[in-house]
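> sequence unknown, structure follows:
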DNA sequence: TCAAAAGTGTTCACTTTACACCCATGT
DNA sequence: ACATGGGTGTAAAGTGAACACTTTTGA
(Lines give C-alpha, C1' and ligand atoms only; values in the text may rest on other atoms or scores of the structure.)
Protein backbone atom coordinates (compact mmCIF):
# COMPACT_ATOMS: atom_id res chain seq x y z
CA UNK A 1 0.00 0.00 0.00
CA UNK A 2 1.47 3.32 -0.95
CA UNK A 3 1.87 6.06 1.66
CA UNK A 4 -1.00 8.14 0.39
CA UNK A 5 -3.44 5.23 0.46
CA UNK A 6 -2.26 4.26 3.91
CA UNK A 7 -2.88 7.81 5.04
CA UNK A 8 -6.41 7.68 3.64
CA UNK A 9 -7.19 4.48 5.47
CA UNK A 10 -5.99 5.86 8.79
CA UNK A 11 -7.88 9.03 8.11
CA UNK A 12 -11.18 7.18 7.83
CA UNK A 13 -10.63 5.37 11.10
CA UNK A 14 -9.86 8.61 12.90
CA UNK A 15 -12.87 10.53 11.71
CA UNK A 16 -15.24 9.53 14.50
CA UNK A 17 -12.75 9.59 17.29
CA UNK A 18 -11.75 13.22 17.09
CA UNK A 19 -13.33 16.63 17.34
CA UNK A 20 -13.58 17.95 13.81
CA UNK A 21 -12.18 21.35 12.87
CA UNK A 22 -9.85 21.43 15.82
CA UNK A 23 -6.19 20.56 16.25
CA UNK A 24 -3.36 21.25 18.62
CA UNK A 25 0.08 22.26 17.46
CA UNK A 26 2.90 22.00 19.98
CA UNK A 27 6.12 23.93 19.41
CA UNK A 28 8.76 21.91 21.24
CA UNK A 29 11.84 23.90 22.13
CA UNK A 30 15.15 22.33 23.04
CA UNK A 31 18.39 23.98 24.04
CA UNK A 32 21.65 22.54 22.90
CA UNK A 33 25.08 23.72 21.81
CA UNK A 34 24.05 27.09 23.13
CA UNK A 35 21.29 27.37 20.60
CA UNK A 36 17.55 26.88 20.56
CA UNK A 37 16.01 24.31 18.31
CA UNK A 38 12.49 23.18 17.43
CA UNK A 39 11.09 19.74 16.81
CA UNK A 40 9.64 19.28 13.33
CA UNK A 41 8.25 16.50 11.19
CA UNK A 42 8.27 15.89 7.50
CA UNK A 43 5.41 13.96 6.00
CA UNK A 44 5.97 11.14 3.59
CA UNK A 45 4.25 12.75 0.64
CA UNK A 46 5.34 16.35 1.09
CA UNK A 47 8.61 18.13 1.42
CA UNK A 48 7.30 20.81 3.74
CA UNK A 49 8.04 20.58 7.45
CA UNK A 50 5.32 20.49 10.07
CA UNK A 51 4.84 20.97 13.77
CA UNK A 52 4.05 17.62 15.44
CA UNK A 53 0.39 18.50 15.75
CA UNK A 54 -2.71 16.39 15.96
CA UNK A 55 -6.39 16.23 16.71
CA UNK A 56 -8.20 16.30 20.00
CA UNK A 57 -10.30 13.32 21.01
CA UNK A 58 -13.93 13.96 21.69
CA UNK A 59 -13.52 12.92 25.28
CA UNK A 60 -10.13 14.28 26.22
CA UNK A 61 -8.87 17.38 28.04
CA UNK A 62 -7.18 19.77 25.69
CA UNK A 63 -3.93 19.68 27.64
CA UNK A 64 -4.00 15.90 27.62
CA UNK A 65 -4.43 15.93 23.86
CA UNK A 66 -1.31 18.02 23.37
CA UNK A 67 0.61 15.60 25.58
CA UNK A 68 -0.67 12.55 23.79
CA UNK A 69 0.01 13.95 20.37
CA UNK A 70 3.61 14.64 21.29
CA UNK A 71 4.01 11.15 22.64
CA UNK A 72 2.49 9.51 19.59
CA UNK A 73 4.11 11.62 16.93
CA UNK A 74 7.56 12.16 18.38
CA UNK A 75 8.04 9.79 21.28
CA UNK A 76 8.33 12.63 23.75
CA UNK A 77 6.75 12.50 27.18
CA UNK A 78 6.96 14.22 30.57
CA UNK A 79 7.13 17.55 28.93
CA UNK A 80 6.35 21.05 30.17
CA UNK A 81 3.47 22.26 28.03
CA UNK A 82 1.63 25.53 27.99
CA UNK A 83 -1.03 26.99 25.75
CA UNK A 84 -0.06 30.32 24.25
CA UNK A 85 -2.34 31.31 21.38
CA UNK A 86 -5.08 30.26 18.99
CA UNK A 87 -4.81 30.26 15.25
CA UNK A 88 -8.26 30.56 13.80
CA UNK A 89 -8.20 32.20 10.39
CA UNK A 90 -10.66 30.41 8.17
CA UNK A 91 -8.27 29.75 5.28
CA UNK A 92 -5.17 28.89 7.28
CA UNK A 93 -4.91 25.27 6.16
CA UNK A 94 -6.67 25.30 2.83
CA UNK A 95 -3.65 24.57 0.64
CA UNK A 96 -2.03 21.82 2.60
CA UNK A 97 -4.17 18.93 1.42
CA UNK A 98 -4.72 20.28 -2.07
CA UNK A 99 -3.64 17.02 -3.68
CA UNK A 100 -6.49 15.18 -2.07
CA UNK A 101 -10.11 14.73 -2.86
CA UNK A 102 -12.60 17.21 -1.45
CA UNK A 103 -14.13 14.54 0.73
CA UNK A 104 -11.06 14.21 2.91
CA UNK A 105 -12.03 15.50 6.35
CA UNK A 106 -8.58 17.00 6.89
CA UNK A 107 -9.49 19.49 4.18
CA UNK A 108 -12.07 21.01 6.45
CA UNK A 109 -11.16 24.27 8.00
CA UNK A 110 -9.15 23.85 11.23
CA UNK A 111 -8.65 25.96 14.26
CA UNK A 112 -5.41 25.21 15.99
CA UNK A 113 -4.49 25.64 19.63
CA UNK A 114 -0.83 26.56 19.92
CA UNK A 115 1.19 25.07 22.75
CA UNK A 116 4.80 25.58 23.53
CA UNK A 117 6.77 22.80 25.12
CA UNK A 118 10.14 22.90 26.80
CA UNK A 119 12.27 19.85 26.62
CA UNK A 120 15.82 18.92 27.33
CA UNK A 121 16.86 17.19 24.10
CA UNK A 122 19.25 14.89 25.98
CA UNK A 123 16.19 13.02 27.22
CA UNK A 124 14.68 12.64 23.81
CA UNK A 125 14.39 9.30 22.17
CA UNK A 126 12.69 10.48 19.05
CA UNK A 127 10.41 8.17 17.13
CA UNK A 128 8.90 8.61 13.71
CA UNK A 129 5.20 8.02 13.44
CA UNK A 130 3.29 6.33 10.67
CA UNK A 131 2.55 9.53 8.75
CA UNK A 132 6.03 10.97 8.86
CA UNK A 133 9.30 10.37 7.19
CA UNK A 134 11.44 12.43 9.50
CA UNK A 135 11.30 13.78 13.01
CA UNK A 136 14.17 16.11 13.74
CA UNK A 137 15.42 18.99 15.80
CA UNK A 138 15.92 22.06 13.65
CA UNK A 139 17.96 24.97 14.95
CA UNK A 140 16.16 28.29 14.91
CA UNK A 141 18.97 29.72 12.85
CA UNK A 142 18.20 27.18 10.12
CA UNK A 143 14.47 27.76 10.04
CA UNK A 144 14.71 30.32 7.29
CA UNK A 145 16.20 27.70 5.00
CA UNK A 146 13.40 25.19 5.13
CA UNK A 147 9.84 25.22 3.93
CA UNK A 148 7.14 25.12 6.56
CA UNK A 149 3.54 24.06 6.00
CA UNK A 150 0.54 26.35 6.44
CA UNK A 151 1.03 29.02 9.09
CA UNK A 152 3.49 26.96 11.11
CA UNK A 153 6.26 29.50 10.75
CA UNK A 154 4.00 32.12 12.26
CA UNK A 155 3.12 29.75 15.09
CA UNK A 156 6.76 29.15 15.91
CA UNK A 157 7.54 32.86 15.89
CA UNK A 158 4.63 33.63 18.16
CA UNK A 159 5.75 30.84 20.50
CA UNK A 160 9.19 32.35 20.73
CA UNK A 161 7.79 35.78 21.48
CA UNK A 162 5.65 34.28 24.21
CA UNK A 163 8.67 32.55 25.68
CA UNK A 164 10.41 35.90 25.82
CA UNK A 165 7.49 37.52 27.59
CA UNK A 166 7.23 34.77 30.15
CA UNK A 167 10.87 34.18 30.88
CA UNK A 168 10.61 35.87 34.26
CA UNK A 169 7.40 34.18 35.31
CA UNK A 170 7.58 30.60 34.07
CA UNK A 171 10.10 27.85 34.75
CA UNK A 172 11.65 28.13 31.33
CA UNK A 173 15.29 27.68 32.32
CA UNK A 174 14.32 24.81 34.56
CA UNK A 175 12.70 22.87 31.75
CA UNK A 176 15.18 23.54 29.00
CA UNK A 177 18.44 22.88 30.80
CA UNK A 178 19.76 19.55 31.96
CA UNK A 179 19.83 18.74 35.65
CA UNK A 180 23.34 20.12 35.94
CA UNK A 181 24.56 23.10 33.99
CA UNK A 182 27.12 25.86 34.05
CA UNK A 183 26.48 29.53 34.55
CA UNK A 184 27.50 30.38 31.05
CA UNK A 185 25.06 27.83 29.67
CA UNK A 186 22.30 29.51 31.64
CA UNK A 187 23.39 32.91 30.46
CA UNK A 188 23.50 31.74 26.87
CA UNK A 189 19.95 30.45 27.19
CA UNK A 190 18.76 33.81 28.42
CA UNK A 191 20.60 35.53 25.64
CA UNK A 192 19.05 33.35 22.94
CA UNK A 193 15.53 33.72 24.22
CA UNK A 194 15.84 37.44 24.75
CA UNK A 195 17.72 37.93 21.52
CA UNK A 196 20.40 40.13 23.04
CA UNK A 197 23.71 39.85 24.85
CA UNK A 198 24.01 40.26 28.57
CA UNK A 199 26.92 41.44 30.63
CA UNK A 200 28.53 38.47 32.35
CA UNK A 201 29.35 40.10 35.66
CA UNK A 202 25.91 41.60 36.08
CA UNK A 203 24.24 38.36 35.06
CA UNK A 204 26.28 36.48 37.62
CA UNK A 205 25.26 38.80 40.42
CA UNK A 206 21.58 38.94 39.50
CA UNK A 207 21.20 35.19 39.32
CA UNK A 208 23.21 34.71 42.49
CA UNK A 209 21.05 37.19 44.40
CA UNK A 210 17.86 35.46 43.34
CA UNK A 211 18.98 32.46 45.35
CA UNK A 212 17.53 30.00 42.87
CA UNK A 213 20.73 28.09 42.17
CA UNK A 214 22.60 25.45 44.14
CA UNK A 215 26.28 25.19 43.39
CA UNK A 216 27.39 21.59 43.08
CA UNK A 217 30.72 20.01 44.04
CA UNK A 218 31.42 19.16 40.44
CA UNK A 219 32.89 20.79 37.41
CA UNK A 220 32.35 20.24 33.74
CA UNK A 221 35.63 18.82 32.32
CA UNK A 222 36.86 19.04 28.78
CA UNK A 223 37.86 22.46 27.54
CA UNK A 224 41.43 23.77 27.36
CA UNK A 225 40.81 26.00 30.34
CA UNK A 226 39.44 26.14 33.82
CA UNK A 227 36.58 23.68 34.35
CA UNK A 228 33.36 25.62 35.04
CA UNK A 229 31.36 24.87 38.16
CA UNK A 230 28.12 23.00 37.76
CA UNK A 231 24.87 24.25 39.22
CA UNK A 232 21.36 22.96 39.59
CA UNK A 233 18.14 24.75 40.43
CA UNK A 234 16.90 25.00 43.97
CA UNK A 235 13.35 24.04 43.13
CA UNK A 236 11.71 25.57 46.16
CA UNK A 237 13.33 28.98 45.89
CA UNK A 238 12.89 28.90 42.14
CA UNK A 239 9.13 28.51 42.45
CA UNK A 240 8.89 31.20 45.07
CA UNK A 241 10.95 33.59 42.99
CA UNK A 242 8.81 33.02 39.90
CA UNK A 243 5.71 34.22 41.71
CA UNK A 244 7.06 37.73 41.88
CA UNK A 245 8.92 37.51 38.61
CA UNK A 246 12.61 36.83 38.38
CA UNK A 247 13.72 40.05 36.83
CA UNK A 248 13.12 42.71 34.24
CA UNK A 249 15.12 41.33 31.42
CA UNK B 1 -44.32 28.02 22.17
CA UNK B 2 -42.61 27.89 25.54
CA UNK B 3 -39.01 29.13 25.83
CA UNK B 4 -37.52 25.68 26.11
CA UNK B 5 -39.23 24.47 22.95
CA UNK B 6 -38.24 27.59 21.13
CA UNK B 7 -34.67 26.99 22.16
CA UNK B 8 -34.82 23.44 20.83
CA UNK B 9 -36.11 24.60 17.48
CA UNK B 10 -33.35 27.17 17.10
CA UNK B 11 -30.85 24.62 18.19
CA UNK B 12 -31.76 22.28 15.36
CA UNK B 13 -31.41 25.02 12.78
CA UNK B 14 -27.98 25.96 14.08
CA UNK B 15 -26.53 22.50 14.07
CA UNK B 16 -25.20 22.47 10.54
CA UNK B 17 -24.08 26.03 10.42
CA UNK B 18 -21.56 25.89 13.22
CA UNK B 19 -18.38 24.08 14.11
CA UNK B 20 -19.35 21.55 16.73
CA UNK B 21 -17.52 21.36 20.05
CA UNK B 22 -16.24 24.89 19.81
CA UNK B 23 -17.45 28.18 21.20
CA UNK B 24 -16.15 31.63 21.91
CA UNK B 25 -16.76 33.43 25.18
CA UNK B 26 -16.13 37.16 25.24
CA UNK B 27 -15.61 38.91 28.57
CA UNK B 28 -16.73 42.49 27.93
CA UNK B 29 -15.29 44.98 30.41
CA UNK B 30 -16.72 48.42 30.96
CA UNK B 31 -15.56 51.16 33.28
CA UNK B 32 -18.05 53.32 35.05
CA UNK B 33 -18.44 55.08 38.36
CA UNK B 34 -14.81 54.34 38.95
CA UNK B 35 -15.44 50.62 38.88
CA UNK B 36 -15.05 47.80 36.38
CA UNK B 37 -18.06 45.87 35.28
CA UNK B 38 -18.72 42.86 33.05
CA UNK B 39 -21.48 42.16 30.59
CA UNK B 40 -23.53 39.09 31.45
CA UNK B 41 -26.66 37.36 30.25
CA UNK B 42 -29.27 35.34 32.02
CA UNK B 43 -31.05 32.65 30.07
CA UNK B 44 -34.78 32.28 30.17
CA UNK B 45 -34.85 28.86 31.75
CA UNK B 46 -31.97 29.19 34.20
CA UNK B 47 -31.07 31.54 36.98
CA UNK B 48 -27.33 31.33 36.40
CA UNK B 49 -25.57 34.12 34.58
CA UNK B 50 -23.52 33.56 31.45
CA UNK B 51 -20.93 35.25 29.33
CA UNK B 52 -22.43 36.34 25.99
CA UNK B 53 -20.78 33.45 24.16
CA UNK B 54 -21.63 31.63 21.00
CA UNK B 55 -20.55 29.25 18.32
CA UNK B 56 -18.18 29.72 15.42
CA UNK B 57 -19.49 29.31 11.91
CA UNK B 58 -17.84 26.73 9.74
CA UNK B 59 -16.64 29.38 7.36
CA UNK B 60 -15.77 32.29 9.60
CA UNK B 61 -12.56 33.66 11.08
CA UNK B 62 -12.40 33.11 14.79
CA UNK B 63 -12.05 36.83 15.52
CA UNK B 64 -15.03 37.55 13.32
CA UNK B 65 -17.08 35.01 15.23
CA UNK B 66 -16.39 36.71 18.54
CA UNK B 67 -17.44 40.03 17.04
CA UNK B 68 -20.60 38.64 15.52
CA UNK B 69 -21.62 36.84 18.69
CA UNK B 70 -21.33 40.06 20.68
CA UNK B 71 -23.39 41.91 18.15
CA UNK B 72 -26.10 39.27 18.05
CA UNK B 73 -26.33 38.54 21.71
CA UNK B 74 -25.80 41.97 23.24
CA UNK B 75 -26.11 44.55 20.48
CA UNK B 76 -22.52 45.62 20.91
CA UNK B 77 -20.30 46.42 17.94
CA UNK B 78 -17.06 48.24 17.14
CA UNK B 79 -15.43 46.67 20.09
CA UNK B 80 -11.78 46.05 20.92
CA UNK B 81 -11.42 42.29 21.13
CA UNK B 82 -8.47 40.13 21.94
CA UNK B 83 -8.04 36.42 22.50
CA UNK B 84 -6.48 35.56 25.84
CA UNK B 85 -6.86 31.90 26.70
CA UNK B 86 -8.48 28.58 25.86
CA UNK B 87 -10.69 26.61 28.17
CA UNK B 88 -10.62 22.99 27.18
CA UNK B 89 -11.31 20.70 30.12
CA UNK B 90 -13.46 17.85 28.91
CA UNK B 91 -16.15 18.19 31.57
CA UNK B 92 -16.34 21.96 31.75
CA UNK B 93 -19.87 22.25 30.44
CA UNK B 94 -21.39 18.93 31.32
CA UNK B 95 -23.88 20.17 33.91
CA UNK B 96 -25.26 23.18 32.15
CA UNK B 97 -27.75 21.44 29.91
CA UNK B 98 -28.59 18.67 32.33
CA UNK B 99 -32.31 19.29 32.00
CA UNK B 100 -32.22 18.42 28.34
CA UNK B 101 -32.26 15.21 26.42
CA UNK B 102 -28.98 13.53 25.61
CA UNK B 103 -29.47 14.20 21.92
CA UNK B 104 -29.12 17.98 22.28
CA UNK B 105 -25.92 18.93 20.51
CA UNK B 106 -25.16 21.62 23.09
CA UNK B 107 -24.58 18.81 25.54
CA UNK B 108 -21.53 17.80 23.59
CA UNK B 109 -18.26 18.71 25.14
CA UNK B 110 -17.16 22.24 24.24
CA UNK B 111 -13.84 23.94 23.99
CA UNK B 112 -14.13 27.64 24.47
CA UNK B 113 -11.88 30.39 23.19
CA UNK B 114 -11.75 33.22 25.70
CA UNK B 115 -11.74 36.78 24.38
CA UNK B 116 -11.67 39.95 26.38
CA UNK B 117 -13.38 43.03 25.06
CA UNK B 118 -13.07 46.63 26.15
CA UNK B 119 -16.05 48.85 25.76
CA UNK B 120 -17.17 52.21 26.96
CA UNK B 121 -20.58 51.49 28.45
CA UNK B 122 -21.83 54.94 27.48
CA UNK B 123 -21.94 53.72 23.88
CA UNK B 124 -23.85 50.60 24.67
CA UNK B 125 -27.37 50.14 23.52
CA UNK B 126 -27.86 46.73 24.93
CA UNK B 127 -30.29 44.32 23.37
CA UNK B 128 -31.59 41.04 24.69
CA UNK B 129 -31.40 38.14 22.30
CA UNK B 130 -33.92 35.39 21.77
CA UNK B 131 -32.33 32.99 24.26
CA UNK B 132 -31.88 35.44 27.10
CA UNK B 133 -34.03 37.14 29.63
CA UNK B 134 -31.53 39.72 30.75
CA UNK B 135 -28.42 41.39 29.45
CA UNK B 136 -26.75 43.56 32.08
CA UNK B 137 -23.56 45.10 33.30
CA UNK B 138 -22.49 43.55 36.58
CA UNK B 139 -19.87 45.26 38.72
CA UNK B 140 -16.89 43.11 39.57
CA UNK B 141 -17.53 43.77 43.23
CA UNK B 142 -20.95 42.14 42.88
CA UNK B 143 -19.75 39.06 41.04
CA UNK B 144 -19.34 37.08 44.21
CA UNK B 145 -23.05 37.47 44.91
CA UNK B 146 -24.37 35.93 41.73
CA UNK B 147 -24.30 32.44 40.33
CA UNK B 148 -22.27 31.91 37.17
CA UNK B 149 -22.69 29.02 34.77
CA UNK B 150 -19.99 26.43 34.05
CA UNK B 151 -16.46 27.80 34.38
CA UNK B 152 -17.43 31.34 33.49
CA UNK B 153 -16.23 32.75 36.78
CA UNK B 154 -12.81 31.30 36.10
CA UNK B 155 -12.86 32.78 32.60
CA UNK B 156 -13.64 36.26 33.94
CA UNK B 157 -10.87 36.03 36.52
CA UNK B 158 -8.35 34.95 33.95
CA UNK B 159 -9.44 37.78 31.67
CA UNK B 160 -8.85 40.28 34.44
CA UNK B 161 -5.40 38.88 35.13
CA UNK B 162 -4.56 39.14 31.45
CA UNK B 163 -5.73 42.74 31.42
CA UNK B 164 -3.36 43.44 34.29
CA UNK B 165 -0.45 41.86 32.45
CA UNK B 166 -1.12 43.78 29.28
CA UNK B 167 -1.97 47.17 30.70
CA UNK B 168 1.35 48.62 29.56
CA UNK B 169 1.27 47.13 26.08
CA UNK B 170 -2.30 47.31 24.88
CA UNK B 171 -4.66 50.27 24.44
CA UNK B 172 -6.71 49.38 27.49
CA UNK B 173 -7.28 52.88 28.84
CA UNK B 174 -8.09 54.09 25.38
CA UNK B 175 -10.86 51.59 24.89
CA UNK B 176 -12.42 51.71 28.31
CA UNK B 177 -12.63 55.44 28.91
CA UNK B 178 -14.93 57.89 27.17
CA UNK B 179 -13.54 60.35 24.68
CA UNK B 180 -12.99 62.91 27.43
CA UNK B 181 -11.97 61.99 30.94
CA UNK B 182 -10.27 63.41 33.99
CA UNK B 183 -6.92 62.39 35.37
CA UNK B 184 -8.43 60.89 38.46
CA UNK B 185 -10.74 58.75 36.33
CA UNK B 186 -7.70 57.46 34.48
CA UNK B 187 -5.87 56.84 37.72
CA UNK B 188 -8.86 55.05 39.18
CA UNK B 189 -8.95 52.79 36.12
CA UNK B 190 -5.31 51.87 36.58
CA UNK B 191 -5.89 51.23 40.24
CA UNK B 192 -8.84 48.92 39.62
CA UNK B 193 -7.07 46.89 36.99
CA UNK B 194 -3.86 46.65 38.95
CA UNK B 195 -5.67 46.05 42.20
CA UNK B 196 -3.60 48.52 44.18
CA UNK B 197 -3.49 52.21 44.98
CA UNK B 198 -1.13 54.58 43.25
CA UNK B 199 0.34 57.81 44.48
CA UNK B 200 -1.44 60.73 42.85
CA UNK B 201 1.54 63.00 42.38
CA UNK B 202 3.70 60.30 40.88
CA UNK B 203 0.91 59.10 38.65
CA UNK B 204 0.38 62.65 37.41
CA UNK B 205 4.02 63.05 36.48
CA UNK B 206 4.40 59.64 34.86
CA UNK B 207 1.39 60.05 32.64
CA UNK B 208 2.34 63.60 31.79
CA UNK B 209 5.84 62.56 30.77
CA UNK B 210 4.55 59.82 28.50
CA UNK B 211 3.03 62.56 26.36
CA UNK B 212 0.00 60.45 25.51
CA UNK B 213 -2.59 62.91 26.77
CA UNK B 214 -3.99 66.11 25.33
CA UNK B 215 -5.41 68.55 27.83
CA UNK B 216 -8.72 70.00 26.69
CA UNK B 217 -10.15 73.44 27.30
CA UNK B 218 -13.01 72.00 29.28
CA UNK B 219 -13.69 70.94 32.82
CA UNK B 220 -16.09 68.44 34.28
CA UNK B 221 -18.70 70.36 36.31
CA UNK B 222 -20.78 69.13 39.16
CA UNK B 223 -18.94 68.36 42.41
CA UNK B 224 -18.78 70.64 45.39
CA UNK B 225 -15.19 71.47 44.58
CA UNK B 226 -12.85 72.56 41.84
CA UNK B 227 -13.84 71.30 38.41
CA UNK B 228 -11.26 68.83 37.15
CA UNK B 229 -9.69 69.32 33.73
CA UNK B 230 -10.72 67.03 30.92
CA UNK B 231 -8.22 65.14 28.79
CA UNK B 232 -8.29 62.95 25.74
CA UNK B 233 -5.69 60.58 24.34
CA UNK B 234 -3.22 61.70 21.71
CA UNK B 235 -3.70 58.65 19.49
CA UNK B 236 -0.42 58.88 17.66
CA UNK B 237 1.79 59.23 20.69
CA UNK B 238 -0.28 56.65 22.52
CA UNK B 239 0.38 54.03 19.88
CA UNK B 240 4.06 54.82 19.76
CA UNK B 241 4.35 54.65 23.52
CA UNK B 242 2.61 51.26 23.65
CA UNK B 243 5.24 49.69 21.45
CA UNK B 244 7.88 50.07 24.13
CA UNK B 245 5.45 49.58 26.98
CA UNK B 246 4.00 52.44 28.94
CA UNK B 247 5.47 51.67 32.27
CA UNK B 248 6.26 49.08 34.89
CA UNK B 249 3.17 49.23 36.96
C1' DT C 1 51.43 29.81 29.23
C1' DC C 2 47.05 30.75 27.65
C1' DA C 3 42.16 30.99 27.45
C1' DA C 4 38.11 30.66 29.64
C1' DA C 5 35.78 30.83 34.15
C1' DA C 6 34.71 32.73 38.79
C1' DG C 7 34.23 36.41 41.63
C1' DT C 8 34.19 41.20 43.10
C1' DG C 9 34.37 46.37 43.20
C1' DT C 10 33.00 50.64 41.59
C1' DT C 11 30.98 54.42 39.07
C1' DC C 12 27.32 56.96 36.71
C1' DA C 13 22.86 57.74 35.40
C1' DC C 14 18.44 57.08 36.01
C1' DT C 15 13.93 55.59 38.11
C1' DT C 16 10.84 54.68 41.73
C1' DT C 17 8.67 55.66 46.06
C1' DA C 18 6.93 58.20 49.57
C1' DC C 19 5.75 62.37 51.50
C1' DA C 20 4.88 67.03 51.80
C1' DC C 21 3.59 71.42 50.48
C1' DC C 22 1.65 74.96 47.60
C1' DC C 23 -2.26 77.15 45.14
C1' DA C 24 -6.92 77.05 42.60
C1' DT C 25 -11.78 76.90 42.54
C1' DG C 26 -17.00 75.47 42.53
C1' DT C 27 -20.61 74.99 45.61
C1' DA D 1 -15.24 76.87 54.45
C1' DC D 2 -13.73 72.92 52.47
C1' DA D 3 -13.06 69.16 49.65
C1' DT D 4 -11.09 68.01 45.64
C1' DG D 5 -7.94 68.95 41.84
C1' DG D 6 -3.49 70.67 39.80
C1' DG D 7 1.14 71.14 40.21
C1' DT D 8 5.84 70.82 42.09
C1' DG D 9 10.02 69.74 45.31
C1' DT D 10 12.82 66.60 47.29
C1' DA D 11 15.39 62.89 49.74
C1' DA D 12 16.19 57.97 50.07
C1' DA D 13 16.48 53.81 47.95
C1' DG D 14 16.98 50.95 44.25
C1' DT D 15 18.23 49.46 39.44
C1' DG D 16 20.89 48.95 35.20
C1' DA D 17 24.80 49.34 32.29
C1' DA D 18 29.53 49.48 31.68
C1' DC D 19 33.97 48.36 32.78
C1' DA D 20 37.91 46.68 34.94
C1' DC D 21 40.61 43.93 37.77
C1' DT D 22 41.75 39.62 40.28
C1' DT D 23 42.23 34.77 40.92
C1' DT D 24 41.67 29.99 39.38
C1' DT D 25 42.82 26.06 36.67
C1' DG D 26 42.91 22.40 32.80
C1' DA D 27 45.27 21.11 28.86
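Now that the structure is in, tell me what you want to look at. Computed from a prediction, not measured in an experiment: that's the story for all the values here.
> tell me which element the closest residue to residue A:71 other than its chain neighbours falls in.
Once flanking residues are discounted, residue A:71 sits nearest to residue A:77: 4.9 Å by C-beta to C-beta, 6 or more residues apart in numbering or on different chains. C-betas here are computed from N, CA, C, even on glycine. Residue A:77 belongs to no helix or strand when assigned by DSSP states H and E.
> how many residues are close by residue A:77?
Other residues near residue A:77 come to 13 when the count uses other C-beta atoms under 10 Å in any protein chain shown.
> I'd say it and residue A:68 touch.
No - between residue A:77 and residue A:68 there is no contact under C-beta atoms under 8 Å: 9.3 Å.
> does any bit of the biggest helix by length in chain A sit next to DNA strand D?
With secondary structure taken from DSSP state H, chain A has its longest helix at helix A:152-166. No - between helix A:152-166 and DNA strand D, judged by C-beta under 7 Å from any atom of the strand, nothing touches; the nearest distance is 15.0 Å.
> now do the same contact list for residue A:143.
By C-beta atoms under 8 Å, 6 or more residues apart in numbering or on different chains, the residues touching residue A:143 are A:38, A:153, A:156.
> could you find the closest non-adjacent residue to the second one?
Closest residue to residue A:153 in three dimensions, ignoring its sequence neighbours and counting by C-beta to C-beta, 6+ apart: residue A:143, at 7.2 Å.
> what pLDDT is listed against that neighbour?
You'll see residue A:143 listed with a pLDDT of 95.
> helix, strand, or coil at it?
Secondary structure, DSSP: H, G, I helix; E, B strand; the rest coil: residue A:143 is helix.
> same thing with residue A:133?
At residue A:133 the chain is in strand, as set by three-state DSSP.
> from what I can see it touches residue A:47, true?
No - applying C-beta under 8 Å as the test, residue A:133 and residue A:47 come out as separate, 9.5 Å apart.
> these two: which has the busier surroundings?
Taking other C-beta under 10 Å, residue A:133 and residue A:47 do not tie; residue A:133 has more neighbours (13 against 10).
> do you know the pLDDT at the residue lying closest to that one once chain neighbours are set aside?
Ranked by C-beta to C-beta, 6+ apart and with sequence neighbours excluded, the top spatial neighbour of residue A:133 is residue A:44, at 4.7 Å. For residue A:44, the model assigns a pLDDT of 77.
> before we move on, what about residue A:103?
pLDDT, residue A:103: 67.
> okay, now the unreliable bits of chain A?
A:1-3, A:7, A:94-95, A:97-105, A:223-224 (pLDDT under 70).
> all helices for it, in order.
A:3-14, A:62-74, A:152-166, A:172-176, A:183-194, A:200-210, A:235-244.
> for those, give me TSV that also has mean neighbour count.
Converted to TSV, the helices of chain A look like this (neighbours: other C-beta atoms under 10 Å in any protein chain shown):
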stretch	mean neighbour count
helix A:3-14	12
helix A:62-74	21
helix A:152-166	18
helix A:172-176	21
helix A:183-194	18
helix A:200-210	13
helix A:235-244	13
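> among the ones you listed, which is nearest residue A:126?
helix A:62-74 (5.9 Å; C-beta to C-beta).
> list the contacts of that closest one.
With C-beta under 8 Å, 6+ apart as the criterion, helix A:62-74 contacts A:24, A:26, A:28, A:39, A:41, A:52-57, A:60, A:76-77, A:79, A:81, A:83, A:113, A:115, A:117, A:124, A:126-127, A:129, A:131-132, A:135, B:86, B:88-89, B:111.
> ok, now how distant is residue A:67 from residue A:54?
11 Å (C-beta to C-beta, to the nearest Å).
> and residue A:146, by the same measure?
Residue A:146 is 21 Å from residue A:54, by C-beta to C-beta.
> one more: residue A:188?
32 Å.
> what sits against the nearest residue to residue A:80 once chain neighbours are set aside?
Spatial nearest neighbour of residue A:80, chain neighbours left out: residue A:175 (4.1 Å); criterion: C-beta to C-beta, 6+ apart. By C-beta under 8 Å, 6+ apart, the contact list for residue A:175 reads A:80, A:118-120.
> check residue A:75 too.
A:124-127, A:135.
> separation between it and chain B?
24 Å (C-beta to the nearest C-beta, to the nearest Å).
> can you tell me how far that residue is from DNA strand D?
34 Å (C-beta to the nearest atom of the strand, to the nearest Å).
> could you check the angle the lengthiest strand in chain A makes with helix A:152-166?
Identified as the longest strand of chain A according to DSSP state E is strand A:18-32. When axes from the mean of the first three to the mean of the last three C-alpha atoms, to 10 degrees is applied, the directions of strand A:18-32 and helix A:152-166 differ by 60 degrees.
> how about strand A:18-32: buried residues?
By neighbour count on 16 or more other C-beta atoms under 10 Å in any protein chain shown, the buried set for strand A:18-32 is A:18-31.
> got a list of what the residue nearest in space to the middle of chain A touches?
Closest to where the C-alpha atoms of chain A average out (C-alpha atoms, centre = their mean) is residue A:28, at 1.2 Å. Contacts for residue A:28 (C-beta under 8 Å, 6+ apart) come out as A:38-39, A:52, A:70, A:74, A:76, A:79, A:116-119.
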